[in-house]
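Dropping the sequence and predicted coords here.
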Amino acid sequence: MERRVPYPLGIITKKIRRGCDLPNAFKLLNAEYQLKETFPEEVAEEVERHKSDWSSIPECERVDRKREQVHNAFTIDPPGSRALDDALTIEKLENGNCRVGVHIADVSTFVKQGSRIDIEARRRGTSYFRGHHNGDVLMLPRKLSHDICSLLPNKERLAVSVYLVLDQDGQVQEEDKLDVRRTIMKSQCRLTYAEAQRVIFGKPILNKPARDGQVTVKIKQSICTLSSVAQKRRKVRLSDGSFYHFGYADRKEDLEAHELVEEMMILANTSVARYLVQRKAALSPLRIQLPPKTRKLDEWREKFGDCAKLSLSLRRHLRQDVECVDNFFVPKSTWNVICNARRHEGDNNTELTQLICNDNIYPQLAVSRSFLNGLQRKAEDVRAADVPVDHIVSLVLERQDVESEDISELYRRWSFLSERSNKFEKDCGRVQFAANLKERTCETVAVIEIIARDSLQLQLLSDANQYLSPRQRRVLISHLGPIKQPELVESSRCLELKWKLRIYDASTENMNPGARRCKTQKMLDRHLRKDRSNIQAMLSADSNGSGLGYHIPSSLWLEVLDAVKDDDGRRLEQCLMEMDTEIAIEEKQAEAAAAAAAAEAAAAAAAAAAAAEEEYEDDDEEDEDDDDDDEDEDEDDDEIDAESRQDEEEIGGLMSPDIQLFKLASGINICLEHRKLPDNCFAAFASEKPSQPRYKNIQRYLTAWKPVLELEAATVAVTNDDAFILQDLEVKWREDDGKIFGEFHLDSNYCETRHITISEGIMLVSGFVVHCLYKPICLMILSGL
């Protein structure tokens, strides 16, 4: 009889702790992707059995196959990498052209078809890399991947080499005559991307270990020449799109070095693919990415064409000359970085031009590019020559022992595994970013991509954007806590949000004895009016948004782009000086507007103060006597002492970054975490289900129901939005036994005069347990920890 169950059945094979730290997070990812770091015993035995035979290159490879010797090669890889699967060479020819060599490690000699290693490699399919020195899950045993088949410095290794001849403009010569050879190469040195970048910029490499080989003058010349060729190849391949370099966050420090390797691999790949299509089409599955659908691309042009014209890389997607927006918005943080690059670069404008062409740091261009990326269609199938040694396709292709039916199935599996490996690397990057956030917070500027009736879709103007999914970048308006649900104006797609906030100045100066000891109602009202004026002045300073950035005439920005495209440094500096002038004018206008707003607020406060003065009959002399008496009295006021503890335990299975604070103005933040997860932030999870009709004693009853009531109370409290903000509250932090504690003080008179209600109990506040030693107080602590 078939067993019927409402839920899937499973067997627990292993228990893994929540991924609240990197080791446990990677264990969870290994389980999710079904990865095994260790190899079966029979594979290890086979490696051990052949280790001595593999210690040197077999004689048959030297004599029978007549492999060519490769010299002056070098590798460029991430720091700490041991699986060095590709190397590069370049040599000048007599006619002025150059001969580029791309050398891929050949593993086919050591992994025989049908062997234990081969069967396990087919089962795994590819290697999975975590990045950031967090290790990897290899397809081949470590002895092969990191030693025998790795192109280590000063070690003879087998390789498959592709040679291409390029002219001085980066164009491939004699494309129909592809030169592919089996070679024996000895790498001269191993470089990291950062070291290669220093060579490109003409800087010395410091403290390089001897085991990494010697970076000779010949190698330095080769790297510089290849970098120049790579940039020319980018322009040939991408046209104006070559000015955009920021598709990957981990490359921003070593762009040219990454692009050097990337362009050479693309060059070898496309050349081999073209050769195979012409001669062996049946054995050559094709990986293609079709352009976006015409209808959707036309909609993008209609919506973003006026902004896209202000980007060298985006305007190539426009069909005809379109009108520009009147002004181009440059965030203040972006302009500060540009000015810093102008001061330090001298004659080299590389960093400056990259900043100008980085669409991700300009709000209008970031949104335009994000929508364009969303139109891209998925690539299908594959044809590749430079597949690394960590993939089964490389192994099979190097054997050259497959039929057309095998190739088709092989590439289908390769597509699946490649996509899976990329997803694994992205998940690891997201976990690493979340771990970094536990040590140091990230504050970034965001722009609104999409306005809906109930939510805002954000685009972060920083590298953090790639680590957050679209769902995580979607902020519900209800979580922002406006005083009422706003109405969406369909014609302009605008929303007007209004908040009602309780904000208090909790600075030490405002709670000192002279400020807090107001003996008369008149003195108290004066003090509170001063508080209100200070808060209003702070809010009015941010009300016009002038502190966020500058509005540059579009015509001036277009001149900047033309100077970048023409590589005219003098004209570029002139344009930037004109921008300096425009920004100075805008700053003066903003200062005048802020001064006017402050004057208006001061006038309103003065009028209110004058009206209040008329209501009191006490004269100034009586007030002065009270002040003198205050100075002679001893201080004996009650204080509220609060102690906070940071709890690092994660809720949920895996660490993941998320948006926690939403900044409205200087010092005014909305904690999205409290509003989205009030039960997690303000209460503990109920460990027992209160479902029994009767309980043995009152203690069992309280144990079952108290956590449930606390969860409900926390949810209702956040829903009612009865919170307040304490500005400039001084918190003293200390670390004890790996835990972080914070202590702050609130004067009891301060709370009473501001109608801050005191309640009993202990509150769990966003990872902080607040213990009030005198009287507990309900607080929302907004901290960067």
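Nice, I can see it. Numbering: from 1, shown residues only.

Break down the stretch 301-450 of the chain into its strands, ranges please.
Along the stretch 301-450 of the chain, the segments classed as strands by DSSP state E, counting those that start in this stretch run 327-331, 446-451.

Just send those strands back as JSON lines, with distance to Cys98 too.
Every C-beta, even on glycine, is put in place using the N, C-alpha and C of the backbone. As requested, the strands of the stretch 301-450 of the chain are exported to JSON lines (distance: least, C-beta to C-beta, whole Å):
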{"stretch": "strand 327-331", "distance to Cys98": "40"}
{"stretch": "strand 446-451", "distance to Cys98": "44"}
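
ranking those strands by burial, who's on top?
When you average the neighbours per residue for each of the strands of the stretch 301-450 of the chain (mean count of other C-beta atoms under 10 Å), strand 327-331 leads with a mean of 19.

other SSEs contacting it?
helix 363-375, strand 549-553, helix 554-565 (3 or more C-beta pairs under 8 Å, 6 or more residues apart in numbering; DSSP states H and E).

Turn these into TSV, including mean neighbour count and distance to Thr13.
Supplementary listing: the helices and strands packed on strand 327-331 in TSV, determined by neighbours: other C-beta atoms under 10 Å; distance: least, C-beta to C-beta, whole Å:
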stretch	mean neighbour count	distance to Thr13
helix 363-375	19	40
strand 549-553	18	54
helix 554-565	18	58
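
which residues sit in contact with the nearest residue to Arg67 once chain neighbours are set aside?
Nearest-residue entry for Arg67: Ile184, 4.5 Å, with adjacent residues in sequence omitted and distances by C-beta to C-beta, 6 or more residues apart in numbering. When contacts are counted by C-beta atoms under 8 Å, 6 or more residues apart in numbering, Ile184 is found next to Ile57, Glu61, Arg62, Arg67, Glu68, Gln69, Val70, Glu156, Arg157, Leu158, Ala159.

Quick check: helices, which of those are part of them?
Counted as lying in helices by DSSP state H, out of the contacts of Ile184, are Glu61, Arg62.

In JSON lines: the contacts of Ile184, plus distance to Pro657.
As requested, the contacts of Ile184 are arranged in JSON lines below (distance: C-beta to C-beta, whole Å):
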{"residue": "Ile57", "distance to Pro657": "47"}
{"residue": "Glu61", "distance to Pro657": "49"}
{"residue": "Arg62", "distance to Pro657": "53"}
{"residue": "Arg67", "distance to Pro657": "49"}
{"residue": "Glu68", "distance to Pro657": "50"}
{"residue": "Gln69", "distance to Pro657": "50"}
{"residue": "Val70", "distance to Pro657": "44"}
{"residue": "Glu156", "distance to Pro657": "45"}
{"residue": "Arg157", "distance to Pro657": "40"}
{"residue": "Leu158", "distance to Pro657": "43"}
{"residue": "Ala159", "distance to Pro657": "41"}
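
and stretch 287-299, C-alpha only, in CSV?
As requested, C-alpha coordinates have been extracted for stretch 287-299 and formatted as CSV (Å, rounded to 0.1, in the frame of the first residue of the first chain):
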residue,chain,number,x,y,z
ARG,A,287,26.9,30.2,-27.4
ILE,A,288,25.1,33.4,-28.4
GLN,A,289,23.3,36.3,-26.7
LEU,A,290,20.6,37.9,-28.9
PRO,A,291,20.1,41.6,-28.6
PRO,A,292,17.2,42.9,-26.5
LYS,A,293,13.7,42.8,-28.1
THR,A,294,13.1,45.7,-30.4
ARG,A,295,9.9,46.8,-28.7
LYS,A,296,11.4,46.8,-25.2
LEU,A,297,14.5,48.6,-26.4
ASP,A,298,12.3,51.3,-28.0
GLU,A,299,10.5,51.7,-24.8
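
Can I get the strands of the stretch 301-450 of the chain in JSON lines including mean pLDDT and distance to Lys208?
Output for those, formatted as JSON lines (pLDDT from 0 to 100; distance: least, C-beta to C-beta, whole Å):
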{"stretch": "strand 327-331", "mean pLDDT": "92", "distance to Lys208": "39"}
{"stretch": "strand 446-451", "mean pLDDT": "87", "distance to Lys208": "41"}
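
List just the one of these that sits closest to Lys484.
Of all the strands of the stretch 301-450 of the chain, it is strand 446-451 that lies closest to Lys484, at 16.9 Å by C-beta to C-beta.

So what's the gap between that closest one and the chain middle?
In terms of C-alpha atoms, centre = their mean, to the nearest Å, the gap separating the centre of strand 446-451 from the centre of its chain is 17 Å.

Can I get it as PDB, trimmed to CA atoms?
Only the C-alpha atoms of strand 446-451 are listed here, as PDB (Å, rounded to 0.1, in the frame of the first residue of the first chain):
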ATOM      1  CA  ALA A 446      20.400  55.600  -3.300                       C
ATOM      2  CA  VAL A 447      18.100  56.700  -6.000                       C
ATOM      3  CA  ILE A 448      14.500  55.600  -6.700                       C
ATOM      4  CA  GLU A 449      14.100  53.400  -9.800                       C
ATOM      5  CA  ILE A 450      10.400  52.700  -9.600                       C
ATOM      6  CA  ILE A 451       7.600  54.400  -7.700                       C
END
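
Which element is encountered next along the chain beyond that strand?
Where DSSP states H and E defines the elements, the next helix or strand beyond strand 446-451 is strand 455-460.

So which elements touch that following strand?
Judged by 3+ C-beta pairs under 8 Å, 6+ apart, strand 455-460 is in contact with helix 363-375, strand 446-451, strand 474-476.

Distance from the chain centre to stretch 311-318, please.
Between the mean C-alpha position of stretch 311-318 and that of its chain there is a distance of 24 Å (C-alpha atoms, centre = their mean).

what's the pLDDT at Asn95?
Reading off the per-residue confidence, Asn95 sits at a pLDDT of 90.

That one: how many residues sit nearby?
Using other C-beta atoms under 10 Å, Asn95 has 9 other residues around it.

now Glu752
Under the criterion other C-beta under 10 Å, the count of neighbours that Glu752 has is 11.

ditto for the one 5 residues further on
Using other C-beta under 10 Å as the criterion, Thr757 is surrounded by 10 other residues.

How about residues contacting stretch 222-235?
With contacts defined as C-beta under 8 Å, 6+ apart, stretch 222-235 is touched by 72, 74, 88-90, 92, 98, 100, 166, 169-170, 191, 196, 199-200, 242, 256-257, 259-260, 262-264, 266-267.

Could you export it as PDB, CA atoms only?
Coordinates of the C-alpha atoms in stretch 222-235 are reproduced here as PDB (Å, rounded to 0.1, in the frame of the first residue of the first chain):
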ATOM      1  CA  SER A 222      55.300  42.300 -22.100                       C
ATOM      2  CA  ILE A 223      52.700  43.300 -19.500                       C
ATOM      3  CA  CYS A 224      52.700  47.000 -20.600                       C
ATOM      4  CA  THR A 225      52.500  46.000 -24.300                       C
ATOM      5  CA  LEU A 226      49.700  43.500 -23.700                       C
ATOM      6  CA  SER A 227      47.800  46.100 -21.600                       C
ATOM      7  CA  SER A 228      48.000  48.600 -24.500                       C
ATOM      8  CA  VAL A 229      46.800  45.900 -26.900                       C
ATOM      9  CA  ALA A 230      44.000  44.900 -24.600                       C
ATOM     10  CA  GLN A 231      42.600  48.500 -24.400                       C
ATOM     11  CA  LYS A 232      42.800  48.800 -28.200                       C
ATOM     12  CA  ARG A 233      40.900  45.500 -28.400                       C
ATOM     13  CA  ARG A 234      38.200  46.800 -26.100                       C
ATOM     14  CA  LYS A 235      37.700  49.800 -28.400                       C
END
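
just to revisit the earlier point, redo the contacts of Ile184 as JSON lines? Include distance to Leu729 and neighbour count.
Supplementary listing: these in JSON lines, determined by distance: C-beta to C-beta, whole Å; neighbours: other C-beta atoms under 10 Å:
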{"residue": "Ile57", "distance to Leu729": "70", "neighbour count": "16"}
{"residue": "Glu61", "distance to Leu729": "72", "neighbour count": "15"}
{"residue": "Arg62", "distance to Leu729": "75", "neighbour count": "15"}
{"residue": "Arg67", "distance to Leu729": "72", "neighbour count": "19"}
{"residue": "Glu68", "distance to Leu729": "72", "neighbour count": "13"}
{"residue": "Gln69", "distance to Leu729": "71", "neighbour count": "10"}
{"residue": "Val70", "distance to Leu729": "66", "neighbour count": "21"}
{"residue": "Glu156", "distance to Leu729": "67", "neighbour count": "15"}
{"residue": "Arg157", "distance to Leu729": "63", "neighbour count": "23"}
{"residue": "Leu158", "distance to Leu729": "66", "neighbour count": "24"}
{"residue": "Ala159", "distance to Leu729": "64", "neighbour count": "27"}
